[in-house]
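Trainee: Here's a sequence, model it:
(chains A and B)
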Amino acid sequence: MSSTFFTASPHWRWLITAYFFLGGLAGGSYFVATMMHLLAKNPDRRMVRLGYLVAFPLVCLCGLVLTVDLGRSERFWHMLVQSETFRPMIKTYSPMSSGAWVLLLFSGCALLSFLAALAEQGRPDWPILRRLDPTARAGRLLTVIGALLGLYLAGYTGVLLSVTNRPIWADTSFLGLTFLVSGASTSAALLLLLGSWVGVSPRSVHSLERFDRSVLILEVLALAALIASLGRVATVWLNGWGLLLAAMVLGGIALPLVLAWRRPVPERQGWIGPVLVLLGGLLFRVVIVFSVDRL
Amino acid sequence: MAQPMGFFTDTTVCIGCKACEVACKEWNQLPARNGGIGTLSGDSYDNTRHLDGIHWRHVKFIEQFSPDRRDGRWLMMSDVCKHCVRAGCMEVCPTGAIIRTEFDTVVIQSDACNGCRDCIAACPFGVIDINPVSGTAQKCTLCYDRMKVGLEPACAKACPTQSINFGPIADLKKLAQARLGQLEQGGERRAHLYGADETMLGGLNSFYLLVDKPEVYGLPPDPRLPSRNLKSSALWSTLGAVALAILGVFSFRERGARDV
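Mentor: This is a model prediction of the structure:
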């Protein structure tokens, strides 16, 4: 038996699951928006703005659920500042410590890009915000830094779980990778869903669908690596949690892929694939967090 | 710096009286579970069941009986924080609330802890938990306040059979080796020390003499630091980020110059 089975549960439940999901969406949306802006010949500004407009509210929610989940919420700042000396509190080798700093820095980038996206539409019409527009040099630098921090935010949560001693979490090195890829696929799905409501160009929809399809395939590979790396420990999923995981793979990855390749997709059914991907991403985190709780 | 101090627990002389549990609760003013309403485990005389934020000492009852109950034995073990020389809890703590004292023990400063619970998942022994009164993670301090004034920890003081021995680690190791030799001379071949040498997390400042496999006592056979996965997890995540960037290039890149 793995030595990880002798440990105690940290009681991380719905709020932490929500954080893992929302963090993936926030970081992933920012990353996708930046990639579209930097790489598309004539990027659909609506789609790019959408990425920045959703990233900031989502990361605000992340901070909120994390703070509420603490046993002493009023001491949330102890993550960043030493409570006795008021010096910066950072441990590069502790994913939770580095993650707290990345969350703070990413929130700053997301706020500025959120404001710049609003300014692009003339509300508010502040000249200083135009410098943060991704077409300006400062804006480009901001979005590149923000995208890198966004990737970190989407993936470090899985690394954080692996850097414990709990069963499954600490028995694999692939949780960070899987969370990261899942964060990218769910973000692309979220932008596709919201994009269909606000009316973005078919060209940007096609490129985003192409991205989502390839990321979903990468997610299957990451999941396979995760399960293979668990070895005999994976047998703890030979129960209802395993069924849920299988449902996530079939419903949240395989079915959206089949729907995406079925051409042409009826316009009224375009939301089904993205919704399934989002539900799959949430279900994956539920299984990872809760299946370990009582082991 | 004072010399490293700790516990050597000789499980062979533990009688399961739970005096250590009571002394710990009393000295550290730990609250009762469930508002003091007793809850019985239903399958053992041990109703504490496990260490947590309000039980910093726990006497485990391991009841080994044959199916017809004609043959059997009781193993008793007073469990506590191991005060690891390389402590997983201290490694992950994001607030710096977990410190190493001048006695080489590991203490959670309750006024700095914000209850994130990362240390609970990081401890390889399942020692730490949240104290519902303070809302912070708590565990044995090895009676740091008593040691500061030259007193021995409350549990060791209360132990009537000297199962819990307190003192400088070097002295405790000699004592443990002598007791091990005595047991072996008496024909007890299963006796062994758990955590006395440096191969286990740099050494446990609370180590044990056991007469069965560690798993039987609910102890991990191979406890390790949580950071063992850090490099490999970070590497795979970085490779994943590179793969996402490449997929982004293939998906979003369009040839030709931008329209101005």
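
Trainee: Figure out the helix or strand that residue 230 lives in.
Mentor: If you meant another chain, say so; for now it's chain A. Using DSSP states H and E, A:Leu230 sits in helix A:202-230.

Trainee: um, chain B though
Mentor: Per DSSP H and E: helix B:230-252 holds B:Leu230.

Trainee: That helix near chain A anywhere?
Mentor: Yes: counting by C-beta under 8 Å from any C-beta of the partner chain, contacts between helix B:230-252 and chain A involve B:230, B:232-237, B:239-241, B:243-245, B:247-252. C-beta here means a position set from N, CA and C on the backbone, and glycine is covered the same way.

Trainee: For ChimeraX, what selects the buried ones among those residues?
Mentor: Typed into ChimeraX, the next command selects the buried ones out of those (criterion: 16 or more other C-beta atoms under 10 Å in any protein chain shown):
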select /B:230,232,233,234,236,237,240,241,243,244,247,248,251,252
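
Trainee: Residues touching the helix holding B:Leu230, excluding its own?
Mentor: With C-beta atoms under 8 Å, 6 or more residues apart in numbering or on different chains as the test, helix B:230-252 has contacts from A:31-32, A:35-36, A:39-40, A:93, A:95, A:151, A:155-156, A:158-159, A:162-163, A:173-177, A:180-181, A:184, A:207-208, A:210-211, A:214-215, A:218, A:222.

Trainee: can you do 6 Å?
Mentor: A:35-36, A:39-40, A:151, A:155, A:159, A:162-163, A:173-174, A:176-177, A:180-181, A:184, A:207, A:210-211, A:214 (C-beta atoms under 6 Å, 6 or more residues apart in numbering or on different chains).

Trainee: Next, the angle from it to helix A:202-230.
Mentor: Angle of helix B:230-252 versus helix A:202-230, following axes from the mean of the first three to the mean of the last three C-alpha atoms, to 10 degrees, is 150 degrees.

Trainee: State the mean pLDDT of helix B:230-252.
Mentor: Mean pLDDT, computed over helix B:230-252, is 96.

Trainee: before we move on, what about stretch B:203-222?
Mentor: Averaging pLDDT along stretch B:203-222 yields 96.

Trainee: Residue numbers of the stretch 101-250 of chain A in contact with chain B?
Mentor: Contact residues (C-beta under 6 Å from any C-beta of the partner chain) of the stretch 101-250 of chain A with chain B: A:151, A:155, A:159, A:162-166, A:173-174, A:176-177, A:180-181, A:184, A:207, A:210-211, A:214.

Trainee: again, only using 8 Å
Mentor: A:151, A:155-156, A:158-166, A:169-170, A:172-177, A:180-181, A:184, A:207-208, A:210-211, A:214-215, A:218, A:222.

Trainee: how about the strands in the stretch 101-250 of chain B?
Mentor: B:106-108, B:129-131, B:136-138, B:164-168, B:192-194, B:206-210 (DSSP state E, counting those that start in this stretch).

Trainee: Throw those strands into TSV and include mean neighbour count and distance to chain A, thanks.
Mentor: Below are the strands of the stretch 101-250 of chain B laid out as TSV (neighbours: other C-beta atoms under 10 Å in any protein chain shown; distance: least, C-beta to the nearest C-beta, whole Å):
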stretch	mean neighbour count	distance to chain A
strand B:106-108	23	12
strand B:129-131	23	5
strand B:136-138	24	6
strand B:164-168	20	21
strand B:192-194	18	12
strand B:206-210	24	14
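
Trainee: The ones you listed: which one's closest to B:Tyr144?
Mentor: strand B:106-108 (5.4 Å; C-beta to C-beta).

Trainee: Distance from the chain centre to the helix holding B:Leu230, please.
Mentor: 37 Å (C-alpha atoms, centre = their mean, to the nearest Å).

Trainee: closest point of chain B to chain A, which residue?
Mentor: Using C-beta to the nearest C-beta, the single residue of chain B nearest to chain A is B:Gly115, 1.9 Å away.

Trainee: ok, that residue - contacts?
Mentor: Here B:Gly115 is in contact with A:70-72, A:75, B:130, B:135-137 (C-beta under 8 Å, 6+ apart).

Trainee: Also A:Tyr30?
Mentor: A:Tyr30 touches A:51-52, A:55, A:106, A:109-110, A:113, A:143, A:146-147, A:150, counting by C-beta under 8 Å, 6+ apart.

Trainee: Skipping adjacent residues, who's closest to B:Val85 in space?
Mentor: In space, and not counting its chain neighbours, B:Val85 is closest to B:Gly202: 3.3 Å by C-beta to C-beta, 6 or more residues apart in numbering or on different chains.
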